[in-house]
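>>> starting from these lines, generate the structure:
(one chain, ligands or ions: 1)
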Amino acid sequence: MTSTDTVTAPTSKRTPQPRTYLMCRPEHFTVSYRINPWMEPANPTDTARAVEQWQSLYDTYVSLGHTIELIDPIPGLPDMVYTANGGFIIDGTAYGASFTYPERQPEGPAFMQWFADHGFDVVEPKNINEGEGDFLLVGDTILAGTGFRSTTDSHKELADLYGREVLSLTLTNPNFYHLDTAISVLDPLTGDRDANIAYLPSAFDEASLALLEERYPNAIHVSEEDSRILGLNSISDGYNVVIAKRATGFEAQLRERGYNPIGVDLSELLLGGGGVKCCTLELRR
Ligand code: ARG
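Numbering: from 1, shown residues only. Next up, the predicted model:
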């Protein structure tokens, strides 16, 4: 034993892993309809500013060594920037999205076409689901949200498709309508480590909360204050965690647990009810 071994770190060393993400430049971004409580069509949006802020997220990923692929934005689909909702991919198999609201429904086939054109095996969904907005991979387990968008039937479809454990979690607060607004996966590669997820306890019903507490006793509990600016809507590579710049409480919690938080400002995209994670779909090939 060397002398340094006697110092016990609060967490084992965090290791970043390069990822590949699908993004969509918000060239047609605006808020022209209201399908979540964040969206207020009467309030002005600034598309150029949205593009600028999105670019800073893109640049951040590139600087961290991640690979970014792009899907062309389609006029008339202003929410396409939130690529997390476009599908869910494990091992080269892309489970397509089937959107809840008619305003976003044309995005489903557009993303499936992109997946097919880029070498993924595409599975057409039989049930309403909004992709990685509601499905999060933690180790070998898929956490699946329901209550506002994705149906529990889609959770069954997902379990059959990937042959993995799917834990259904029910969201109860309309401000946190997708699972990725209420849970952040910090260490997606190993499912049982200290502080491998963070979440907002009050976003869930009692049974779901009990399940989360049992499965992830060392999770970070994030405040309402940080959650209300979509602080949990973040992207981690196992060490670097890209979060909303204003989520300073969450930032400190991450630092304490051995992560490296990096703040970005996506205030314009918040007007559509989305943050860092919403703009990012992981392509697991
Ligand atoms: N306006 C979009 C919607 O309501 C925002 C999607 C946010 N995406 C996410 N992964 N949470 O559908």
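
>>> the closest residue in space to Leu179 that isn't next to it in sequence: what's it in contact with?
Counting by C-beta to C-beta, 6 or more residues apart in numbering, Leu179 lies nearest to Gly145, which is 2.9 Å off, once chain neighbours are set aside. To be clear about C-beta, it is placed using only N, CA and C from the backbone, and glycine gets the same treatment. With contacts defined as C-beta atoms under 8 Å, 6 or more residues apart in numbering, the neighbours of Gly145 are 133-135, 169-171, 178-180, 182-183.

>>> filter these by proximity to the ligand?
133, 178, 180 (C-beta under 6 Å from any ligand atom).

>>> give the burial count for Leu212, as a bare number.
Summarising burial for Leu212: neighbours were counted as other C-beta atoms under 10 Å, giving 21.

>>> distance of it relative to the ligand?
With distances defined as C-beta to the nearest ligand atom, to the nearest Å, the gap from Leu212 to the ligand amounts to 18 Å.

>>> can you give me the strands in the stretch 101-250 of the chain?
If you assign secondary structure with DSSP state E, counting those that start in this stretch, the strands in the stretch 101-250 of the chain sit at 121-123, 135-138, 141-146, 166-170, 183-185, 197-199, 220-221, 235-236, 240-244.

>>> would JSON lines of these with mean pLDDT be doable?
Listed next are those as JSON lines, based on pLDDT from 0 to 100:
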{"stretch": "strand 121-123", "mean pLDDT": "98"}
{"stretch": "strand 135-138", "mean pLDDT": "96"}
{"stretch": "strand 141-146", "mean pLDDT": "97"}
{"stretch": "strand 166-170", "mean pLDDT": "98"}
{"stretch": "strand 183-185", "mean pLDDT": "98"}
{"stretch": "strand 197-199", "mean pLDDT": "97"}
{"stretch": "strand 220-221", "mean pLDDT": "96"}
{"stretch": "strand 235-236", "mean pLDDT": "98"}
{"stretch": "strand 240-244", "mean pLDDT": "98"}
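
>>> tell me which of those strands lies nearest to Arg228.
The minimum distance between Arg228 and the strands of the stretch 101-250 of the chain falls on strand 240-244, with 10.2 Å, by C-beta to C-beta.

>>> what residues does the closest one touch?
Counting by C-beta under 8 Å, 6+ apart, strand 240-244 makes contact with 16, 57, 60-61, 64, 184, 186, 226, 229-231, 233-236, 250-251, 254, 259-266, 270, 275-276, all of which sit outside it.

>>> what about 6 Å?
Where contact means C-beta atoms under 6 Å, 6 or more residues apart in numbering, the residues beyond strand 240-244 that reach it are 16, 60, 64, 229-231, 234-235, 254, 259-263, 275-276.

>>> adding distance to Asp91, write the strands of the stretch 101-250 of the chain out as a markdown table.
Below are the strands of the stretch 101-250 of the chain laid out as a markdown table (distance: least, C-beta to C-beta, whole Å):
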| stretch | distance to Asp91 |
| --- | --- |
| strand 121-123 | 9 |
| strand 135-138 | 11 |
| strand 141-146 | 13 |
| strand 166-170 | 16 |
| strand 183-185 | 17 |
| strand 197-199 | 22 |
| strand 220-221 | 28 |
| strand 235-236 | 20 |
| strand 240-244 | 24 |
